[in-house]
Each structure stands twice: as C-alpha cells, then as structure tokens.
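> What shape does this take:
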Amino acid sequence: MNQALTPAGENAVSELSSRYGVSTDAVRTMLDAVNNGRGTMAQFNIPELGGSGQWMRGGMTMVGNMFDHGLKSRVDGLCRDLSAVLSQHQVYPPRETGSGSYGGNSFGSGSWWPSDLGAPSSSGGQNGSQYAVFPGSRRLAVLVGGELAVYDTLDHNIGGVQQQQSGGPGSVEFTSQYGTFTAGSLPRVDQNSSGTTSPNQSAPQAYPQQSSSQQSSVPQASNQPGAGGHQVGVDISEITAAIEALAGLHAKGFLTDDEFFTKKSELLGRV
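Residues are numbered from 1 along each chain as shown. This is a model prediction of the structure:
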C-alpha cells in the first residue's frame, strides 16, 4: 500500500503521471521507492515500467529489457524528477516523533544519522541498508535493520557504493582510492568516544576485499569476447554490466533462479 501524500505530493504525482504517460499508481509506487532510497536510488517492481528494476542517480538504470533504451531513459527521468520533488517539497504528512522512524517524511525533511557528524557528502540506501558519508569528520554511518553503526573512515576517500557480490540484506561495499571494502573493515567508533585509530590501519584491510570482489567480475568481462566472436553493434561492457545488474536483482530476490539464468543466457547469446 502506498503512503499517504500531502496536497503538494498529490499534485506532483498527477503532473509526472501526465508527463511520462504512466498511471498515478505507478508514479506513487516509484515515489515510495525513490524515497526509501533517500533520493539517490530506487528498487522497484512496476509492470508499466518493465517490471523489476533498479535506478541509481548518476549510475546505472536497470529495467526488465536491458536493451530498451527508451524505457531506461523514461525511468531515469521519472526518478530524477521524483528525487527533486522529494528534496523541494513536503511530500508525506509529518509523523509523530519519538519512535525513531525516518520513513514517514520525505528524505529531505530529516535525517537518521547523529547530528554531530555534520552534513554528509552523499547518502542513500541499497540492499536493505542506509548509509551516509561524512568526509569532514571522517565518519561513515550505516543503518541496517534499525541498528546504527558509525565507523572511522581513516584516510579513505569514499567515492562509490555497490551491492556486495552474493551478499544478504545490508551487505554493501564502498569504493575508495584503495579499492573496494566493507564497513566492517573500518574501526567502529560509536561504541567508544575516542575513536582514535592510526590512519594506516584500514588500508591493508581493503585490499583482500577488493581482490575477491573484483576477481569475480573482471574475468567475466575479459572472457566475453572469446565466447563466440564479436557481433556488429554489440557492446561487451554493456552486456557485462547488465549481467552484473541481474546478479544484484537475483541476490535481492527480485528474480528467481530460472529467470536469472534465462536472462543471463540470453545476454551471453548476444556476444
């Protein structure tokens, strides 16, 4: 069931429904998905928009038909506009405070992280978790299953986040100048006030994480060209990215085993 909306939210839904040629129910469902991703990503299953898919602001947009670029563009445009609406208007009615819930209001109206961390350079949600990066205070806040954890980022310059290969809920990886790593490889500081750790302690921990994650995807990309020769117009990198995206949806339960392997075979058949 979709959340109740304010008059401003209802007007935005109606306008975007007309603009993108989809029903108001589809727009409201996507609105909730974008809000759950704090305006930076969305995981959805909307028949009018190709079924199961995922959107990430500034990143990849995935739809049921990976080669329907028109649908990808429409989903991306809708999600961008919804993100802007959420940041500029009170879309959801205010909820009573005190419960610790942050899901009632639009993501721009409040925050779930401690105020003393400052303003995050980026925040979002992925694979059942919420995260916020604070380079000014060298902190990373992660919320999984209602439990908040704050980590010292040491000398990591975090520039990206992705789903951990074959991970469960809350399993995300971050990317810095050292490669890919998990929050668990960083010192947790919310349980003690000092949070003092040598800046060099986390960098070596990032390398094993990076190795296992990248080795699972890089050979897949390098072996694709040799599978059956190049076809004219086939973008190997796009097919590889599509397969990795499908793996993410499969890990989250959006795709069954049969659906995943069928779509994967179809994509590999294009190489």
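> So which bits of stretch 137-154 are buried?
Neighbour-count burial for stretch 137-154 flags 137-144, 149-154 (criterion: 16 or more other Cβ atoms under 10 Å). Using the backbone N, CA and C atoms, a C-beta is placed for each residue, glycine as well.
> residue boundaries of the strands in the chain?
41-46, 51-56, 61-62, 122-126, 129-134, 139-144, 147-152, 160-163, 172-176, 179-181 (DSSP state E).
> Dump those into CSV; add mean pLDDT and distance to Gly70 as well.
Listed next are the strands of the chain as CSV, based on pLDDT from 0 to 100; distance: least, Cβ to Cβ, whole Å:
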stretch, mean pLDDT, distance to Gly70
strand 41-46, 88, 16
strand 51-56, 88, 14
strand 61-62, 87, 12
strand 122-126, 72, 26
strand 129-134, 81, 32
strand 139-144, 86, 36
strand 147-152, 88, 41
strand 160-163, 71, 26
strand 172-176, 80, 30
strand 179-181, 85, 33
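> is it possible to export those strands to TSV including distance to Glu15?
Listed next are these as TSV, based on distance: least, Cβ to Cβ, whole Å:
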stretch	distance to Glu15
strand 41-46	18
strand 51-56	19
strand 61-62	21
strand 122-126	25
strand 129-134	28
strand 139-144	32
strand 147-152	36
strand 160-163	31
strand 172-176	33
strand 179-181	40
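> Can you list the low-confidence ranges for the protein?
1-2, 94-111, 126-128, 163-171, 191-235, 250-255, 270-271 (pLDDT under 70).
> Tell me how it divides into domains.
Per the record, the chain has its domains at 7-88, 112-217, 228-268, by automatic domain parsing.
> do you know how far Ala245 is from Ala84?
Applying Cβ to Cβ, to the nearest Å, the value for Ala245 to Ala84 is 24 Å.
> contacting residues around Gly136?
Gly118, Ala119 (Cβ atoms under 8 Å, 6 or more residues apart in numbering).
> And for Leu249?
Leu249 makes contact with Ser52, Gly53, Gln54, Met62, Leu255, Phe260, according to Cβ under 8 Å, 6+ apart.
> Let's see if you can find the most crowded of those residues.
When neighbours are counted by other Cβ atoms under 10 Å, Gly53 leads those with 26 neighbours.
> for that residue, what are its contacts?
Gln43, Phe44, Asn45, Ile46, Thr61, Met62, Val63, Gly64, Val75, Leu249.
> can you count the residues close to the closest residue to it other than its chain neighbours?
Leaving aside its chain neighbours, Gly53 sits nearest to Val63 (4.5 Å; criterion: Cβ to Cβ, 6 or more residues apart in numbering). Residues contacting Val63 under the criterion other Cβ under 10 Å number 24.
> Now that Val63 has come up, it's in contact with Glu48, right?
No: applying Cβ atoms under 8 Å, one finds Val63 not in contact with Glu48, separated by 11.2 Å.
> Turn the buried residues of stretch 137-154 into a markdown table, columns for distance to Thr29.
Listed next are the buried residues of stretch 137-154 as a markdown table, based on distance: Cβ to Cβ, whole Å:
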| residue | distance to Thr29 |
| --- | --- |
| Ser137 | 36 |
| Arg138 | 38 |
| Arg139 | 34 |
| Leu140 | 30 |
| Ala141 | 28 |
| Val142 | 26 |
| Leu143 | 23 |
| Val144 | 24 |
| Ala149 | 30 |
| Val150 | 33 |
| Tyr151 | 33 |
| Asp152 | 38 |
| Thr153 | 35 |
| Leu154 | 40 |
